[in-house]
Every structure is written in C-alpha cells, then in structure tokens.
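Undergrad: For reference, the sequence and a predicted model appear below.
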Amino acid sequence: MKLYVSQSSAAAGCVAVDDMILTTDQPTAAGSKMLDGYMSLFGAEVVEKIKAAGYEVGGKVNVGEFSIDMLGETSFYGECADESGKLAGAVAEVVKADGVKACLTLDVNGMPRRAAAIAKTVFLKPTYGTVSRYGTIPVACSGETVGVMANTTANLRDVLEAVIGHDDKDGTSLSDEKCALLKRDSDFKAVKKIAVIKAMTDKVDGAVAADIDAFKAVAEKNGIEVCEIDGSELLAAKAAWNVLMSAELCNNVSRYDGVKYGYRTPNYTNIDELYTNSRTEAFGMLLKSAILYGSQSLLYTEKNRGAYDKSLRVRRVVYDYMAKLFEEYDALLMPVCSKAAYTKADTDSNVTLSFEENVYTAPASITGLPAVVVNGVQLVGKAFSDSALLAVAEICEKEGK
Amino acid sequence: MTKDSLQKLEKLYQLCLTEEEKEGVIAFFAKQDDEFAALENIDTANVERMVHVMPILTVVREDVEKKLFTREELQRNAPETMDGYWQVPRLVE
C-alpha cells in the first residue's frame, strides 16, 4: 500500500493533503514522473489556512497522475492496493487507517468520491468557488474543487470551516458571505425530500445496490421522503465533462516541456526532441489519451463540429435540468461507481475506465454543485446546500449504518 | 480517427506514441465519439454556453510591481541551468 509520497510528521490529528496540493516543505508531483521531486516556491491557500487554524500538515498523499484516474492506479509512485490487487484510493486509506483528522484532496474526475465510497469514509466536494484552488495543480479548472475527507462528519466540518472563504488569488473564488453558507450554523433548508436517480441505480452491482437500499431505509426512518425518478438526462453530463476536462487538461499540461522545471529526457539532440521525448517519457497512457482527446475536441473540423462548444452548452442543459429537479427535491441520490471494488487488473485491461465510471460523478463535476459521499452513496444538492447534505451524513452516522 | 490524423495531434501536443499505444488511443476516441454522438440529440441551438458554473466576473487587481521570487529560487527546479539562465539545446544554427 503506497499511502504517502512524503510525510513530515506523525499522522494522528494532522490534516493530510494530496499530491495535487502545493506545499513548500514537501515535494508535490501530481503523481507524475514529470513533476517527481518538484518543490513549490509557495504553498496552496488551503495549506496556509489549515496551518492558520492550528493544524499540522501531516503528509502528501499518493494520487494517480494528475488525479484523473479511478483510484490512484496511475501514480508514478505505485498504486494503493491490497495483496489481492483490490484498489483503494490512498486518500481514503489515510483517513481510515492512519488517524488523520481529515485529508484535503482535489476532486478532478471523481477519484476522492470513489475512494470514499469504497472505503466508507465521508467526503464532501464543496460548492465550486467556496474553497480556494490557488496552489493546486490545475487540470480541469472549470469543475475541479478541493474537497475534504474524514472518518466523521464532525471532523469534516471542522476542517471544511477552516478552508472555506474568499481568496483574492483565485479568480473563481466566491465572496466570504457566500462561503459562510457552508458553515454548521447555516440556516440552509434541511433535506426533506430526496430523488433517487433510477437511470444510474439500475446499472450497479449488488453491493452498491445494497448501499443505496440501506441509505433509503435510514433516510425514510428519519422522516426524509425518498422518491425515484428516471433522471436519464443526467447521463449526458459524462460525455460533455470528458470533453471539457480533457480540453482543459491538454492546455494545462502543455506547460510541462522539460525546460524550466520537471522531467527532462536525456535523449535529445534538438529542442523538438527535448520537448517531445520529455513529455512522452514522463506521461502515462491515461494522461496521453486525455491530452490527445482534449486536443481533438478543441479543433473545429468538418467532422468534429466544435465538441468543446457543444459541451459547454450541454453543461447548461444539465445545470438547468438539475435546477428544475431542485425545485421539487432537496437532494439527488446517485451511486458513486458501478461496483463496490475494483482491482488493478480492471484498470490494466481498461486504462481509460475512469472516463466510463465518471458517469456517476460527472453531473456534480460539470455543474460545480456540492456532493457528499456517505455510506457508499452520493448525495448531490443545490449550490451552497453543503451543510444540509452533511446533516444527512450525520443522520447516517447516528444510525450506525 | 486514423493513425495519420492521430500523428498530427501527437506532433501538435509533442507526444510520440508506439504503434500499440496508437491503437489504444484510437479505440478510446471511438468509444468517446460514440458517446458524444448521443449529445447531438440534445437541442442546444438556443442554449448559451456555460463557461463558469458560478456567476464570476473577471477579477482585476492593482497593477503594482511585486517581487515574489529571486532568480535562484525560480531556477531551483530547473533541469539544467548555466550562468543564471535556463539551458536548452541550440535553437539557431
């Protein structure tokens, strides 16, 4: 099990951060050979905030290359898997086994949500813009969000309240007034009615279906009405998110060329070979596939009539559809992934599996809406309803299920 | 996606795939393209693009000079430097 890329102190009580979040006293590599050993000159805003709140940064947690994979299996430092080959996202294992207060982790393509669902930890991908992204390694800036994972909702809330807030250095950061809506004492309307997305729950294995049934039973026992709707409109989010994420990624990783920092190939005789061989030797197959797919999406050819443009419009269609659902329901219940476990063999035989399994995580990613993972299921709510979603997680904790 | 058009993208984004990798990427593209084709059924003719998920305005700051890092600090992660410059192969013969 490769949990940490580096570790500065004993884990107990610390806040760990993943390898996508810049720190000045430990290297940050985004799980990539390209950035192996990279020492940032500045720390991420979230790191400064947790230090200011009195927490120690425990260690840098292993993630897959640029965090776009399933569960960290593409990390240059090796995947986090047990002896049977079952993958476990290191961000969840650190929280579950290592006694940290919480782990801050960048949700780019749903990895932390899948890890939390499999390990049965609690995770919040907060409303976009409420936690600064300054000093996180950029991949898909229009949707990625720094999230908080913990063993208990109380710990999650403590760390969340330390990191939310406006940051002038992040152009997408919202006002302090808006960010404060995420706090415990926020009077955001409680979740009273949940819609289960049947188009998604129909396609999961028995163990995930059992998690969903158990959650429904707990919710209903506690006076929350649970309805079932088709919701197949949400399935469109995946294809659009894959285009937007890849397009943004291909631009963001174009900076890695082996000149000013990062990996430089020893195999070159001219500048073109230096660029090409550095990138070819340092990047893994999933990242290369995403770069090329993103670059194609940005092209405007006769056959490919503006995939990027279409995806931006589909994003609004999905957002509007969800906004309409939120007129009637307070939260949407979705699976996080189709299976309760994945092995290295699954991702070896299908390198781009995360571009399929993100059908469950894409709706919240593409819209920037908050998503809480608890007891292996995902609740997506309207913007700033984070605290209300966490209150449902607290109910699940109290029920002990 | 053909191998020829893939090669153009590789050149554009400075990557060089093996034959086996090319086949994998072409299969990945085919899968993605099939799924993307389903989006054509969604009428977006009168739908505005959604670039930001939150109403975010362009942020500006005072144009004040601020020295953040020294040359040495900026070159700390450089693969190769010489006399305070980043070193690269000769560009002009």
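TA: It's in.

Undergrad: give me the element residue A:37 is part of.
TA: Element membership for residue A:37, per DSSP states H and E: none, as it lies in no helix or strand.

Undergrad: Residue B:29 now?
TA: Here residue B:29 is assigned to helix B:19-37, by DSSP H and E.

Undergrad: in the longest helix that chain A contains, what's buried?
TA: Longest helix in chain A, counting residues (DSSP state H): helix A:307-328. For helix A:307-328, burial by neighbour count (16 or more other CB atoms under 10 Å in any protein chain shown) applies to A:307-308, A:310-319, A:321-322, A:325-326. Placement of C-beta: from N, CA and C, glycine included.

Undergrad: before we move on, what about stretch A:390-401?
TA: For stretch A:390-401, by 16+ other CB under 10 Å, it's A:390-397.

Undergrad: Contacts made by that stretch with the rest, please.
TA: The contact list for stretch A:390-401 (CB atoms under 8 Å, 6 or more residues apart in numbering or on different chains) reads A:122, A:124, A:152-154, A:156-157, A:190-191, A:214-215, A:217-219, A:221-222, A:224, A:331, A:372, A:374-375, A:379.

Undergrad: so when I look at residue A:166, I'm seeing a strand, right?
TA: No. Residue A:166 is assigned coil when assessed by DSSP: H, G, I helix; E, B strand; the rest coil, not a strand.

Undergrad: just the helices in the stretch 1-150 of chain A please.
TA: Along the stretch 1-150 of chain A, the segments classed as helices by DSSP state H, counting those that start in this stretch run A:45-52, A:90-97, A:111-119.

Undergrad: Comparing those by mean pLDDT, which bottoms out?
TA: Here the lowest mean pLDDT among the helices of the stretch 1-150 of chain A goes to helix A:90-97, at a mean of 93.

Undergrad: so that helix versus helix A:111-119, what angle?
TA: Put simply, helix A:90-97 runs at 40 degrees to helix A:111-119, going by axes from the mean of the first three to the mean of the last three CA atoms, to 10 degrees.

Undergrad: And helix A:90-97, what's buried?
TA: In terms of neighbour count (16+ other CB under 10 Å), helix A:90-97 has its buried residues at A:90-96.

Undergrad: circling back to that earlier point, identify all contacting residues around the longest helix of chain A.
TA: A:193, A:195, A:229, A:231, A:233-234, A:236-237, A:239-241, A:243-244, A:247, A:296-298, A:332, A:363, A:366-367, A:369, A:380-382, B:36, B:39-40, B:42, B:44, B:47-51, B:53.

Undergrad: List the pairing partners of the helix-or-strand element of chain A with minimal mean pLDDT within its sheet, with orientation.
TA: Every helix and strand of chain A was ranked by mean pLDDT, DSSP states H and E. The lowest is strand A:4-7, at a mean of 85. Sheet pairing of strand A:4-7 (DSSP bridges) gives strand A:57-61 (antiparallel).

Undergrad: Is residue A:341 in contact with residue A:120, as I believe?
TA: No. Using CB atoms under 8 Å, residue A:341 is not in contact with residue A:120, being 12.0 Å away.

Undergrad: rewinding a little: could you list which of the contacts of stretch A:390-401 belong to strands?
TA: In strands, defined here by DSSP state E, the members of those are A:122, A:124, A:331, A:372, A:374, A:379.

Undergrad: Specify which member of those is nearest to chain B.
TA: residue A:124 (16.7 Å; CB to the nearest CB).

Undergrad: Quickly list what the closest one is bridged to.
TA: Note on residue A:124: beta-bridge partners by DSSP bridges are residue A:148, residue A:372.

Undergrad: got a list of contacts for stretch A:340-349?
TA: In contact with stretch A:340-349 (CB under 8 Å, 6+ apart) are residues A:69-71, A:73-74, A:79, A:81, A:84-87, A:118, A:205, A:207-208, A:211, A:353, A:376.

Undergrad: Quick check: nearest residue in space to residue B:79, chain neighbours excluded?
TA: Spatial nearest neighbour of residue B:79, excluding adjacent residues (CB to CB, 6 or more residues apart in numbering or on different chains): residue A:264 at 3.5 Å.

Undergrad: List phi and psi for the nearest residue to residue A:88 once chain neighbours are set aside.
TA: Nearest residue to residue A:88, sequence neighbours excluded (CB to CB, 6+ apart): residue A:80, at 5.3 Å. The phi/psi pair for residue A:80 (degrees, to the nearest 10) reads phi -100, psi 100.

Undergrad: ok, residue A:80 - contacts?
TA: Applying CB under 8 Å, 6+ apart, the residues contacting residue A:80 are A:1-3, A:62, A:71-72, A:87-90, A:93.

Undergrad: Could you check the pLDDT of the residue located most distally from the centre of chain A?
TA: Most distant from the centre of chain A: residue A:269, at 39.7 Å, with distances by CA atoms, centre = their mean. Looking at residue A:269, its pLDDT is 95.

Undergrad: ok, it to residue A:276 distance?
TA: 12 Å (CB to CB, to the nearest Å).

Undergrad: for residue A:6, same thing?
TA: Going from residue A:6 to residue A:276 by CB to CB gives 30 Å.

Undergrad: of those two, who's got more company?
TA: The neighbour comparison of residue A:6 against residue A:276 (other CB atoms under 10 Å in any protein chain shown) goes to residue A:276, with 21 against 16.

Undergrad: Hmm, residue B:14 and the more buried one touching each other?
TA: Yes. If you go by CB under 8 Å, residue A:276 and residue B:14 touch, sitting 4.5 Å apart.

Undergrad: I'd say residue A:163 and residue A:148 touch.
TA: Yes. Judged on CB under 8 Å, residue A:163 makes contact with residue A:148 at a distance of 7.2 Å.

Undergrad: got any residues that touch both of these two?
TA: residue A:104.

Undergrad: Would you quantify the distance from the residue nearest the centre of chain B to chain A?
TA: The centroid of chain B falls nearest to residue B:13 when counting by CA atoms, centre = their mean (7.5 Å). With distances taken as CB to the nearest CB, to the nearest Å, residue B:13 is found 5 Å from chain A.

Undergrad: ranges for the strands of chain A?
TA: Counting by DSSP E, the strands of chain A are A:4-7, A:15-18, A:57-61, A:102-107, A:122-125, A:145-150, A:193-197, A:225-229, A:331-335, A:371-374, A:377-381.

Undergrad: Looking at these, which is nearest to residue A:254?
TA: The closest of these to residue A:254 is strand A:102-107. By CB to CB, the value is 19.3 Å.

Undergrad: Distance-wise, check residue A:74 relative to residue A:21.
TA: From residue A:74 over to residue A:21 (counting by CB to CB), the distance is 18 Å.
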